[in-house]
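# Whatever this is, show me its structure:
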Amino acid sequence: MSFKENRLSHDGPCEAIGADVKHIKRKSVAMNGKFSARQLDPDSSANPPGMSGAPKRTFAQKLNKNHPSDVRRQIRGETLPKSASDNGVSASPFSPLVAAQYADVAEPVDYEEFLRAHQSTIDRDPLRHLLQFPIDDIEVKTIQKKLRTVSPVVPDDLQNLSSRERDCLQQYNSSYTVSYRRYARFGPCEVLSDTLQKRDERIDLIPRQVYECDKPASVNPVRVDFDQRSSWASGVFDLQSSNSDPLVPGLLDRLAAEDRDAIDRRKRQEKRQPALFSLYPAQEEEDQIERRLIPDLPQEPSRHRILIKVLQLKLDLEIEPIFGSIALYDVRERKRLSENFYFDFNSDSAKKMIEAHVAHEDTSTHARACVFDITYPTADLVLLVKLEKVLQQGDVAEVAEVYFKDEKSKEVVKAQHNAQVNCERLGKYRMPFGWTAIFLSNVVQGVAAVPSETDSSSGNASVNTMGSQSSKSGSLDRSLNPLELLRRGKQMVSGTMSSETNGTLPRSHNRSNSLYGSSQDDAAVPNFEAFRSVTVSLPTFFRHEPDKLSEEDLFKFIADLKRPSSLTKRLKCIPGNLKLDIAPCTAEEMPAGCLTPELVRLLPVDHDGNRPVKEVLEFPLFEVYVPHYSYRNLLYVYPRSLNLTNRPGSARNIAIKVQLLGAGDSPIKCIFGKSSGPEFLSEAYSSVLYHDKTPVFLDEFKIRLPVNLEDKDQGYHLFFTFYHVSCQKKAEAAGEPTETPVGFTWLPLISMLGGDSMLINGEYNLPVMIEKPPPSYTRVNPEVQLPNTKWVDNHKSIFSLTVKPVSTVHTGDAKLERFMNLCAYIDSARIPMNIGEANIENNLKDAILDLATASHGPLIRFLNVILEKLLRLIVRPPYIHGEMVNVAGAAFDGLVSIVHVVTTFLDAQTDLHGRNSLLLSYIYYHCIVKKYPLSDQEAAKEFYLHSRSASEVAAINHAMTSFERAGSVRGTSDTASSAAGAQLNSKRLPHEEIASQWTLCSGGPREFTLRHGWFCFELIIQCMTQYLTTSQRLHYPRAARFSERFIDDLNTLVRSFIDDIVNSPAREITAFNTR
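Residues are numbered from 1 along each chain as shown. Below you'll find the predicted structure:
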């Protein structure tokens, strides 16, 4: 019988453990040959010098007889490693190389085995629940993803999805599988958080203790100058004049010891503090080493939201339909921040004038309210309102003259007749008419500072168009120039504004209060979350200038409106009225009946038949570094300019017809409509400038992209047809058509960049073909001059446009697209000829290693999708015709490189342990590995789950040996072929593969794992938890839950990880010395 077994058989648990520790210490000292023989036995009767004949005391026998100087001398004399000695670096005395020479590492006690050996003793222990592991600690829950919409946002054609789109949809719409620990609330993290929350409440409930010396002194007519802090025994007079203390009842009574103890216990419970330790000052945040909170559920980034309701759009002279649009801009950055929101207030009679050109009206196009998102609020945000009218003969300056006439004049009667004729002929063509602008910052500031100007009926503040207060009549003298109105309004508002006025925001004294705003340097960023609803009234509109219609010209006009300028004095004003109600809007206060930018219904649903409210898609001013959580696949097309000066023939009133064509050049009904019309169109037309061969355009075309754009058989492309529109009625009487095609061009949706396909994005300059393109023209770019074709201006690029995709499927980065495309090729088992099956593995490895060098914005937005694909390549490498594509090592290197890039770039989103919130959220909520072998699940059911004996554990291990060996990464050759190799590889377990790849990695990725080891450990733990839950092995003894090889890999990994940590300072010093 061994020493340990002998002690366990005679002593109790505590005595056995003490004997083991004593035996280990004795053995450790005995193995050190440099200590004296007297030190080998702590029970030796030898006495130290100077104590001859004196017996040893018990505590002295247990003291370490090694003098500190001896220990230091022995450690100093040890031989350093050669590499460290050569570089002049001294090894740490706590390194494994040194520590192993004077101490043996004791094997830890198998706790479960110890409990089984003393099960009878533990069963009698009333606190046995503190000794045993809770069998229900881990709980795996499925949390349904909270949807904002009535149903998940998915494409219409689910049958023809590509592998990329399937992966993205699965990532965006799947529920969260979360591993909870039931008793984590008793850990230091949760207890500390709960203690800090209740600490203030408990402090208020504690009665304040007042000592005798702090009590108010009683009135003493003899002595009135005593000090409260002086002693009562300071003089004989004090003792004589003081009252005696009452006797403590029962103090001198003789009581039995048991009764006295009972009284003392009862007294100790009186006025006892319920939570004494919670009153201790809170620990500093940087010292909370175990503060490892679970991340919050993933959600879309929070933004400022404003709800804009269009209450009225009316011109003083109503003779034809008028159409409006609103968009958000940043004047300083000169950037569009949102898509267009279209609306109109045309009467039924005005709609009848163009009913021949409108197929039907969908309910979603009747919206007169919208919600704008603002991620980065600035003081230069502008709402730009633009007006359009039906095309007619004459430029905008000529057709606007009638709106300055009296309603009963002959010109007005003639204009009404011409409007009726033009709407019947040209109802589907529009022309730019007018515009106006509102600075949001001044609306917010003006309302908060002038609370007295409110509408008694609605409770909303009312602000005039140019920043002045509204009069009782609600109108202004329209004979005044808008700049005069602006100056008057500025004086009136500045005379009443005060920074001390009771409002929701503090105001700055030097802030401009003009409706047209002030610069960022002079005004603070407004708070769009805390302002009252305001009604803005716009009495006039600026007429569009025929030769200044671009966005750059509008930005100049808006900038000039803030200061007197000769340019703005020449702007003509069209009398009318536009009323907008602007109010803050939170996610909890969203009105019923809202629609997403894809026209999907949001919650709550409106059942009263009210007009819908549209969410306006934001184009953030700066990058938003948050992963995508929902499906979106839109494309915005902005024609900029066209030059047909050198085209022969008549080409003056130019309109652009935009179509998205697929296979067979058939148009797809995917273009979003405007106000009072169909939701989706198969073709859309731009605005027309009268008699202009070099027009500029302000139009926006919003397109819902189809699925599987990479399908070459479909050949998806944008097709542009340029028409000359005849505005004169006599031309139609002479037999001339209303529209005549004068040019054609196209733009494929997928561009080839270095052999990789990628969705178009950015600015493009295209040539224009005079005749209709020949068949199969979509296979080439229009920049390639096709034979036997005629081009305008000798094939020069004369048409410019901007394309802006907003997609959660297409990344927009060349390196990310290359990786996604290669994964799609492998999933579909269709390798392009330019790559070849022999080179697919090397190409995929190169693409994986290039992921870390991709642009930060797209990489973070597609972080969850990229990490999921890399984990799939690590756990289950793909096969092509039975041959494994061995990229597991490269995938692990790419994974840790991305972790390093994200953590370094988003250093502000890391906790005290260096854990990035986005990466931690992915592990907790998105990392779901469901590919576990079915044989493991079946084997788990064949054994009794509550095994207690070592023989049963051995039986379980023996039963799982074949499976574990087959599942080990080292048991499968990289050159496995056909079905046998595929079968072996399919049984690898995720946590085994990740641990193995971590052990084998080297170089830069090895350094990254040392810096961000938390990610790899958390990833392994998450995979282990999912494995135990899926295979139903949570109730197994811990020695039988995982394979022996996996335990060996973990031991090797931990040892190497510790060595890296210990040796990292030496490497840094060595690198510094070699510089």
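# after the least confident helix or strand in the chain by mean pLDDT, next one along is what?
Least confident helix or strand of the chain, by mean pLDDT, DSSP states H and E, is helix 482-496 with a mean of 35. The helix or strand immediately downstream of helix 482-496 is strand 534-543, counting by DSSP states H and E.
# Following that next one in sequence, what is the next regular element?
In N-to-C order, the element after strand 534-543 by DSSP H and E is helix 551-560.
# Please work out which residues outside that next one touch it.
329, 331, 334, 336, 382, 384, 435, 437, 516, 542, 545, 548, 567-568, 571, 698 (Cβ atoms under 8 Å, 6 or more residues apart in numbering). C-betas here are computed from N, CA, C, even on glycine.
# Tell me which of the residues you listed fall in strands.
329, 336, 382, 384, 435, 437, 542 (DSSP state E).
# Let's verify the residue minimising distance to the centre of the chain: helix, strand, or coil?
Nearest to the mean C-alpha position of the chain, by Cα atoms, centre = their mean, lies V626 at 2.5 Å. Here V626 is coil, with the state taken from DSSP: H, G, I helix; E, B strand; the rest coil.
# ok, it - contacts?
Per Cβ under 8 Å, 6+ apart, neighbours of V626: 300-301, 860-861, 918.
# Quick check: PyMOL command selecting the buried ones in those residues.
With 16 or more other Cβ atoms under 10 Å as the criterion, this PyMOL line picks the buried residues out of these:
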select buried, resi 860+861+918
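# can you pull the buried residues of stretch 1038-1053?
1039-1043, 1045-1046, 1049-1050, 1053.
# er, stretch 613-622 I mean
Buried-residue list, stretch 613-622, by 16+ other Cβ under 10 Å: 613-619, 621.
# so where's the stretch 101-250 of the chain uncertain?
101-105, 188-197, 216-240 (pLDDT under 70).
# all strands in it, in order from the N-terminus.
Shown for the stretch 101-250 of the chain, the strands assigned by DSSP state E, counting those that start in this stretch span residues 138-143, 176-181.
# Run through who's touching the last one.
When contacts are defined by Cβ under 8 Å, 6+ apart, strand 176-181 is touched by residues 137-143, 145, 297-298, 924-926, 928, 1022, 1025-1026, 1029.
# Would you mind checking those for buried ones?
By neighbour count, with 16+ other Cβ under 10 Å, the contacts of strand 176-181 hold 145, 298, 924-926, 928, 1022, 1025-1026, 1029 as buried.
# Show me which of those is closest to P878.
Taking Cβ to Cβ as the measure, P878 lies nearest I928 of these, at 19.1 Å.
# Is that closest one in contact with T1029, as I believe?
No: shown here, I928 and T1029 do not form a contact pair, counting by Cβ atoms under 8 Å, at 11.2 Å.
# Find residues that contact each of these two.
By Cβ under 8 Å, 6+ apart, no residue touches both I928 and T1029.
# Quick one: residues contacting L1034.
135, 138, 1028.
# Backbone dihedrals for it, please?
Dihedral angles of L1034 (phi, psi; degrees, to the nearest 10) stand at phi -60, psi -30.
# Roughly how far does it sit from I143?
Relative to I143, L1034 is positioned 20 Å away (Cβ to Cβ, to the nearest Å).
# tally of neighbours for I582?
By the measure other Cβ atoms under 10 Å, the count of residues near I582 is 26.
# same thing with R368?
Residues lying near R368 (other Cβ under 10 Å) number 20.
# isn't it right next to K309, touching?
Yes: look at R368 against K309 with Cβ under 8 Å: they come within range, at 6.7 Å.
# Check the contact between I326 and V385; I expect there is one.
Yes: counting by Cβ under 8 Å, I326 does reach V385; the two are 5.4 Å apart.
# Now render the strands of the stretch 101-250 of the chain as CSV, adding distance to R164.
Formatted as CSV, those follow (distance: least, Cβ to Cβ, whole Å):
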stretch, distance to R164
strand 138-143, 25
strand 176-181, 22
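# Identify, from the contacts of V626, the entry nearest to N643.
Looking across the contacts of V626 and measuring by Cβ to Cβ, the closest to N643 is R861, at 36.9 Å.
# Without its sequence neighbours, what residue ends up closest to that closest one?
Spatial nearest neighbour of R861, chain neighbours left out: H628 (5.5 Å); criterion: Cβ to Cβ, 6 or more residues apart in numbering.
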